[in-house]
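K.L.:
Pasting the sequence and the predicted model now:
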Amino acid sequence: MPVNLHFGADDFLRVRFAVSPLCETHEAVRTLRRTDRHGYHAPWLRRMRRTLAGLDLAPLWLFMPSSPPGYTPDFLGRPPDTPMAGFDEELARLRATDPALARAEMAKSLAGRPDAAASARGRAALADPARAVRELAEVTERAWRALLAPDWPRLRALLEAEIAYRSRQLAGGGLQRLFADLHPRLSWSGDTLTVRTRTDFVQMQDLDGRGVLLLPSVFVWPDVVSGFDPPWQPTVIYPARGIGGLWTEPETGPALARLLGANRAAVLAALDTPSTTTDLAHRLGLAASSVSGHLSVLRDAGLLTSRRHGHQVHYERTPLGITLAAGGTP
């Protein structure tokens, strides 16, 4: 059923993007139990099996229904205030959640699941919401360290590249172009963004000058998630582009390696999605200075372009670079 987000004049000025390691942590935890999300993440899931054996996620799963529809407390993944918040910064905000607000949202989450509400863990959370917030923050931190932190440079680079791409769409064609292919379950008409979620009710929400936060996610596919009632900014979490090749290591053919050299060919092959020098160095196990030199040569040869996004420079292949990396002919 749809969630309809109605834009007023001020809301058009308050559409923004952000990357949230906190939200990604919770979406990763949710993905562990939702088999419909496993398709793109099988290599990651196999790698996590041993880690999961020693990781108790029960306090989080209590508030994450194993299948939609269902409500997860908004304070667990509150919308970030800044475009590129750090995990520690977001975790501190989670720890500072008002216990009264936490209790109200936890009660709402448990209301549709009598067994969970009547469980010892559910009763304890509602009886002492301050303690529940501390416990949920601690479990979230452990989940981050175990599940996401080792791969965060790769994930962050993909999410930042997604924002760079969508920002160019917004600059070139406004909201109509942005929402035209952001996700099949999103549609734009007049002054209303319709989000077809897996909820069992229709919701109309006037944004009232709060605008909309757009959060690309590695783990939310195939879903798109919308919600966040006041006091939170309305937010849409949608799948980022490029997740199909996220967990696969780049391959270089022998002909390309002979032409460019092994390391330079590996850099070109790794650019399935726009990436920074630091991300490429992390993925390929090369020194950042070496990667930077290879990128300069490839760009001068017309195989790459570069775009600045904030303090970072993202590199992506040109049509000629794509053809060469694929081993075809123009």
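P.N.:
Happy to help now that I have it.

K.L.:
where exactly do the strands run in the stretch 51-200 of the chain?
P.N.:
Using DSSP state E, counting those that start in this stretch, the strands of the stretch 51-200 of the chain run over 186-189, 192-196.

K.L.:
possible to save these as CSV with distance to residue 36?
P.N.:
Using the backbone N, CA and C atoms, a C-beta is placed for each residue, glycine as well. Formatted as CSV, these follow (distance: least, CB to CB, whole Å):
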stretch, distance to residue 36
strand 186-189, 19
strand 192-196, 16
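
K.L.:
Residue 164: which of those strands is closest?
P.N.:
Among the strands of the stretch 51-200 of the chain, strand 186-189 comes nearest to residue 164, with 19.3 Å by CB to CB.

K.L.:
neighbouring strands for the closest one, and are they parallel or not?
P.N.:
Paired with strand 186-189 in the same sheet, following DSSP bridges, are strand 192-196 (antiparallel).

K.L.:
now what about the following helix or strand past the partner strand, what contacts it?
P.N.:
Using DSSP states H and E, the helix or strand that follows strand 192-196 in sequence is strand 203-206. By CB atoms under 8 Å, 6 or more residues apart in numbering, the list of residues contacting strand 203-206 from outside reads 1, 2, 3, 4, 5, 6, 8, 229, 234.

K.L.:
again, 6 Å this time
P.N.:
3, 4, 5, 6 (CB atoms under 6 Å, 6 or more residues apart in numbering).

K.L.:
Return the member of those residues nearest to residue 317.
P.N.:
Of all those, residue 5 has the smallest distance to residue 317: 35.2 Å, by CB to CB.

K.L.:
related to what we said a few turns ago, which one of the contacts of strand 203-206 sits closest to residue 320?
P.N.:
The closest of those, once distances to residue 320 are taken by CB to CB, is residue 5, at 40.9 Å.

K.L.:
that older thread, counting neighbours, which of the contacts of strand 203-206 comes out on top?
P.N.:
Among the contacts of strand 203-206, residue 5 has the most neighbours (other CB atoms under 10 Å), with 24 neighbours.
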